[in-house]
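Asks: Coordinates for the following, if possible.
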Amino acid sequence: AQLVFEYNSAEKARTLFDGLLQKNPKRLDILFVYVDKEVKYGEAETARSLFEKVAGKEIDSLQMKLSDKQMKSLFKKRDRK
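Replies: Sure, this is the predicted structure:
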């Protein structure tokens, strides 16, 4: 998905990342790579909406149940963006 983001279509990469997150909902490393790619290519609002989805502000397929430690990591990462 990272290579698709770098060399092909951002939309295709987003679809791949969304699929990976749905199959591996507790893998925050995948989420962080996805968010970093969005920020790198100037899509800060998209990155922000990803954090909101995962944190539970939106009800959709990306919403996850995370441990306290994972939520702390998520909020630290979000605050850096």
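Asks: Quick one: the helices in this protein, in order.
Replies: For the chain, helices defined by DSSP state H occupy the ranges 2-7, 10-23, 28-40, 44-55, 68-80.
Asks: helices or strands up against the longest one?
Replies: Read that as helix 10-23. Helices and strands touching helix 10-23, by 3 or more CB pairs under 8 Å, 6 or more residues apart in numbering; DSSP states H and E, are helix 2-7, helix 28-40. Heads up, the C-betas are built off the backbone N, CA and C, glycines and all.
Asks: Reformat those as TSV; add mean neighbour count and distance to Leu20.
Replies: What follows is the helices and strands packed on helix 10-23, written out as TSV (neighbours: other CB atoms under 10 Å; distance: least, CB to CB, whole Å):
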stretch	mean neighbour count	distance to Leu20
helix 2-7	14	11
helix 28-40	18	5
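Asks: and Ser73, how far is that from Asn24?
Replies: 16 Å (CB to CB, to the nearest Å).
Asks: Give me the more crowded residue out of those two.
Replies: Ser73 (16 against 13; other CB atoms under 10 Å).
Asks: Thought Asp29 was touching the more buried one, still the case?
Replies: No: the criterion here is CB atoms under 8 Å, and Ser73 misses it with Asp29 at 9.9 Å.
Asks: Gly12: neighbouring residues, count only.
Replies: Not Gly; residue 12 is Lys. Residues lying near Lys12 (other CB under 10 Å) number 12.
Asks: Could you check how far it is from Lys76?
Replies: Distance, Lys12 to Lys76, using CB to CB: 30 Å.
Asks: Please apply the same query to Leu50.
Replies: Taking CB to CB, one finds Leu50 at 15 Å from Lys76.
Asks: For these two, indicate the residue with more neighbours.
Replies: Just comparing Leu50 and Lys76: by other CB under 10 Å the higher neighbour count belongs to Leu50, 23 against 9.
Asks: Now do the same contact list for the more buried one.
Replies: Applying CB atoms under 8 Å, 6 or more residues apart in numbering, one finds that Leu50 lies in contact with 31, 34-35, 38, 62.
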